[in-house]
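Undergrad: based on what follows, work out the 3D shape:
(chains A and B)
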Amino acid sequence: MPNGLIAAVAIAFLCTARITAADTIYVSNEKDNTVTVVDGKTLEPVKTIPVGQRPRGILLSKDAKSLYICASDSDHIEVLDLVSDKISRTLPSGADPEYSALDPSGKLLYVANEDDNLVTVVDIDRGEVVTEIPVGVEPEGMGISPDGKYLVNTSETTNMAHVIDTATRRVIANILVDSRPRRAVWTADAAQFWVSAEIGGSVSVVDAAKREIVKRITFAVPGVPTEAIQPVGIAITRDRKLAFVGLGPANRVAVVDAQSYEVLKYLLVGQRVWSLAFNPDQSRVYTTNGVSNDISVIDVASLKVIKSVPVGQAPWGVVSRP
Amino acid sequence: MSRKCAWVMTLGLGFAAVVNANSAPPRAEDPDWPCQQRLVPKLTAAAYWSGPALEGVGDWRAGPEISGLVRRLAPRRVSTQQGLAEIAAFVRTVSNDRPRRLALVFRGLLEETDRERAGLIEELKEIGRRQRELADLVARLATELNAIPPDARGENAAKRIDLQQRHDFTARNFEEIQRTIRYACETPVELDARLGAWARALQEAASE
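TA: Okay, the predicted model is just below:
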């Protein structure tokens, strides 16, 4: 084989390898009480695993061997073993756990208890509640800083992002944001966290050091009523060049230039787009679509929706495992 | 939000204040809207359709095939699957002018689904209105009840028993309706989901 051809084949192989990054996607289905497993290579659902009642927030353990599932109506966290695909244990969480964040050490889980106005801190190895931190009314989103020193929790009714010092476990700052804040997502450089507001229809970009809003991003999709624009899920690339924001029943994902904060594009995805997650190399974004019961796959390089994959009823959370 | 109501029942006289907090619309602009989800007043094409242009496709009511299909599918009782089967059968009959005609079907389904959905929204608002009235009544009864000391005798004691019964009955009534609201609020969402599935099927067929 001539050298040129070998090189071409090698490049083609590398490109293909990149496009078909072999991850596994996990999706919690709120109404089915299941987790759907999707093969990241074929983008086909391969398995449905029964879990606790009303599974919502999910995240991977630090070693990527387990999935922590907020089983909201079972009032606990379930640990799904990703080798056997069986629930291996449960963790206490306080009432109605909706969403959680993992300390970078992988040892502590911070859980939002929507009905009790608390953030519960759980020691994973010991399977015990360490403490409860009182926060605003209806705590929801949880974002932990990359160094683990700060936890940002949003409260739906108080319309605030609470900054919690994880060493003292006290709220050290409250930042007023727009109505019904949902997610708080840190940039990888720890300089900012972004807070989505479902009813306010905006995303507030907060300077993490000054704890001040530096930009309020708003959205306008031609032909879509403003009431339908309900930002929830946020995913920001590690290099902070692009951010993706799920806009709920507008059925769109906004692509934002994360430096200039300009909205570059609105991608049509499934219905009531909720949570967003990157695959490991950030070449794709996955979105859960709670009304159309599918996930959309966005190709980051082309900024195009490349596929919809049917999952269970009311998909809520999504993670990608390498 | 969902389970706040469950403990409300156990609070006895403290109920009124809690009912007021719970019966308040969940931060939506319309005080009668009883659902947690924000009210989206209208369904619009841009949230569903990336198929052929919808401008200038004409009137979906103009031809009997398309208007007949739209009218058969629009009622609430028609399931997503039934609709998909009818759409597939219709698509097989369309060879000429396919993108335009399928776009026309979508326009019809959008308009008629929106009309059905508007009816459901009015029904939900009526439930919301009634709940607000019940909550106000519970609050009034609780105030009257609080005004009579628990150790009252004679006529006042009888009045207290009567008030307590009316209070508890109204509170239970409120609570029962409140429990069903979460499910009632899903009905417009079901129409939305159905329209989305039909839109995707039409779009795919239009691009074939």
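
Undergrad: for chain B, what's the longest helix?
TA: Using DSSP state H to define each element, chain B has its longest helix at helix B:98-147.

Undergrad: show me what it is packed up against.
TA: The contact analysis (3 or more Cβ pairs under 8 Å, 6 or more residues apart in numbering or on different chains; DSSP states H and E) places helix B:98-147 against helix B:15-23, helix B:64-73, helix B:80-93, helix B:154-184, helix B:186-207. Glycine gets a C-beta too; all of them are placed from N, C-alpha and C.

Undergrad: can you redo the ones you listed as TSV with mean pLDDT and distance to chain A?
TA: Output for the helices and strands packed on helix B:98-147, formatted as TSV (pLDDT from 0 to 100; distance: least, Cβ to the nearest Cβ, whole Å):
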stretch	mean pLDDT	distance to chain A
helix B:15-23	36	10
helix B:64-73	97	18
helix B:80-93	97	10
helix B:154-184	93	11
helix B:186-207	94	4
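
Undergrad: just put those helices in CSV and tack on mean neighbour count.
TA: Formatted as CSV, these follow (neighbours: other Cβ atoms under 10 Å in any protein chain shown):
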stretch, mean neighbour count
helix B:15-23, 19
helix B:64-73, 16
helix B:80-93, 14
helix B:154-184, 15
helix B:186-207, 20
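
Undergrad: please produce TSV containing those helices, extended by distance to A:Met142.
TA: Shown next, in TSV, are the helices and strands packed on helix B:98-147 (distance: least, Cβ to Cβ, whole Å):
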stretch	distance to A:Met142
helix B:15-23	25
helix B:64-73	43
helix B:80-93	35
helix B:154-184	24
helix B:186-207	26
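
Undergrad: okay, now the residue in chain B that chain A sits nearest to: neighbour count?
TA: Residue nearest to chain A within chain B (Cβ to the nearest Cβ): B:Ala46, separated by 3.1 Å. Look at B:Ala46: counted by other Cβ atoms under 10 Å in any protein chain shown, it has 18 neighbours.

Undergrad: which of the residues in stretch A:147-162 are buried?
TA: Burial within stretch A:147-162, assessed by neighbour count using 16 or more other Cβ atoms under 10 Å in any protein chain shown, is assigned to A:148, A:150-162.

Undergrad: run through the helices of chain A in chain order.
TA: Secondary structure of chain A (DSSP H): helices located at A:3-19.

Undergrad: not counting its neighbours along the chain, what's nearest the residue in it positioned nearest to chain B?
TA: Of all residues in chain A, the one sitting closest to chain B is A:Gly223 (3.1 Å; Cβ to the nearest Cβ). Distance criterion Cβ to Cβ, 6 or more residues apart in numbering or on different chains; nearest residue to A:Gly223, sequence neighbours excluded, is B:Ala46 at 3.1 Å.

Undergrad: follow-up on the earlier one: out of the helices and strands packed on helix B:98-147, which is closest to A:Leu303?
TA: Among these, the nearest to A:Leu303 by Cβ to Cβ is helix B:186-207 (19.5 Å).

Undergrad: packing partners for that closest one?
TA: Applying 3+ Cβ pairs under 8 Å, 6+ apart, we find helix B:186-207 packed against helix B:80-93, helix B:98-147.

Undergrad: quick one: the first one to helix B:98-147, angle?
TA: Just to be clear, that refers to helix B:80-93. Angle of helix B:80-93 versus helix B:98-147, following axes from the mean of the first three to the mean of the last three Cα atoms, to 10 degrees, is 160 degrees.

Undergrad: ok, the most centrally placed residue in chain B - contacts?
TA: Nearest to the mean C-alpha position of chain B, by Cα atoms, centre = their mean, lies B:Cys185 at 4.1 Å. The contact partners of B:Cys185, taken as Cβ atoms under 8 Å, 6 or more residues apart in numbering or on different chains, are B:Pro34, B:Cys35, B:Gln36, B:Gln37, B:Leu124.

Undergrad: and it, how far from A:Thr288?
TA: 20 Å (Cβ to Cβ, to the nearest Å).

Undergrad: could you do A:Asp147 as well?
TA: Distance from A:Asp147 to A:Thr288, by Cβ to Cβ: 29 Å.

Undergrad: and if you look at B:Ser50?
TA: In terms of Cβ to Cβ, B:Ser50 sits 20 Å off from A:Thr288.

Undergrad: do the same with A:Lys304
TA: 19 Å.

Undergrad: between the two, who's got more neighbours?
TA: Using other Cβ under 10 Å, the more surrounded residue of A:Lys304 and A:Thr288 is A:Thr288, with 31 against 11.

Undergrad: ok, that one - contacts?
TA: A:Val27, A:Gly233, A:Val273, A:Trp274, A:Ser275, A:Ile295, A:Val311, A:Pro315, A:Trp316, A:Gly317, A:Val318.

Undergrad: neighbours of the nearest residue to the fifth one once chain neighbours are set aside, how many?
TA: Beyond its immediate neighbours in the sequence, the residue positioned closest to A:Ser275 (Cβ to Cβ, 6+ apart) is A:Gly233, lying 4.4 Å away. By the measure other Cβ under 10 Å, the count of residues near A:Gly233 is 26.

Undergrad: tell me which of the buried residues of stretch A:147-162 is nearest to B:Glu86?
TA: A:Glu156 (41.0 Å).

Undergrad: need the per-residue pLDDT for the closest one.
TA: Here, the pLDDT recorded for A:Glu156 equals 86.

Undergrad: ok, it touching A:Glu138?
TA: Yes: A:Glu156 is within contact range of A:Glu138, at 3.8 Å (criterion: Cβ atoms under 8 Å).

Undergrad: intersection of neighbour lists for those two?
TA: Common neighbours of A:Glu156 and A:Glu138 (criterion: Cβ under 8 Å, 6+ apart): A:Glu114.

Undergrad: picking up where we left off before, ok, the residue of chain A closest to chain B - contacts?
TA: When contacts are counted by Cβ under 8 Å, 6+ apart, A:Gly223 touches B:Thr44, B:Ala45, B:Ala46, B:Ala47.

Undergrad: for the second one, give its distance to B:Ala53.
TA: Going back to what we said before, that points to B:Ala45. Counting by Cβ to Cβ - B:Ala45 and B:Ala53 are separated by 10 Å.

Undergrad: so for the two, which residue has more residues nearby?
TA: A count of neighbours by other Cβ under 10 Å puts B:Ala45 above the other of B:Ala45 and B:Ala53, at 18 against 10.

Undergrad: identify the residues contacting residue 48.
TA: Looking at chain A here, since you left the chain open. A:Asp32, A:Thr34, A:Val35, A:Thr36, A:Val37, A:Gly312.

Undergrad: wait, I meant chain B there
TA: A:Asn251, A:Gln271, B:Phe106, B:Leu110, B:Leu195, B:Gly196, B:Ala199.
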